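>>> Just a sequence and a predicted model for now, questions to come.
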Amino acid sequence: MNAPANPSSRAQLQRLKERNRPAVPFVLDGRPAEALAGDTVLTAVLTQTRQLRINEFSQQPRAGFCLMGACQDCWVRLADGKSLRACQTMIEPGMHICTQPAGSEGAA
């Protein structure tokens, strides 16, 4: 199955306003991506794809829940192995964000 021509058409979130903020390049699961200055990691990821991560217990897709850091549902990893709450962490240029479970990079 071919991917849609417009990657944002697969996104969970669609940006409607504030599109004129400076771009922030980052890497999402090994692929170049772009967010806007002032975005949280959660926003940066969900404007690129439909899910934030796969739950390690249920294997179900997750996209955050409480959006205030209480539910523990938005944890993602950086390429260096550090974990962070996507809903409370601001995107930074050059971040390498891993949404797949540890050890599954490159899996089809």
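Everything's here; your move.

>>> so where do the strands sit in this structure?
Assigned by DSSP state E, the strands in the chain fall at 23-28, 31-36, 53-54, 61-62, 75-78, 83-85, 96-98.

>>> quick one: the residue nearest to residue 69 when sequence neighbours are not counted from residue 66, how far?
In space, and not counting its chain neighbours, residue 69 is closest to residue 88: 4.5 Å by C-beta to C-beta, 6 or more residues apart in numbering. For the C-beta atoms, the positions are set from N, CA and C on the backbone; glycine is no exception. From residue 88 over to residue 66 the distance is 11 Å, taken as C-beta to C-beta, to the nearest Å.

>>> cool, residue 76 as well?
Separation of residue 76 from residue 66 (C-beta to C-beta): 15 Å.

>>> Give me the pLDDT value at residue 108.
Here, the pLDDT recorded for residue 108 equals 37.

>>> With residue 100 instead?
At residue 100 the predicted local confidence, pLDDT, stands at 77.

>>> coming back round to it: so what's the residue nearest to residue 69 up against?
40, 68-69 (C-beta atoms under 8 Å, 6 or more residues apart in numbering).

>>> Just name the closest of these to residue 25, please.
Proximity of these to residue 25, judged by C-beta to C-beta, is greatest for residue 40, which lies at 16.2 Å.

>>> surely the closest one meets residue 92?
No. Taking contacts as C-beta atoms under 8 Å, residue 40 lies outside contact range of residue 92: 11.0 Å.

>>> for the strands of the chain, which one sits closest to residue 17?
So among the strands of the chain, strand 31-36 is nearest, using C-beta to C-beta, at 10.7 Å.

>>> chain center to the closest one, what's the gap?
Distance of strand 31-36 from its chain centroid, counting by C-alpha atoms, centre = their mean, to the nearest Å, is 9 Å.
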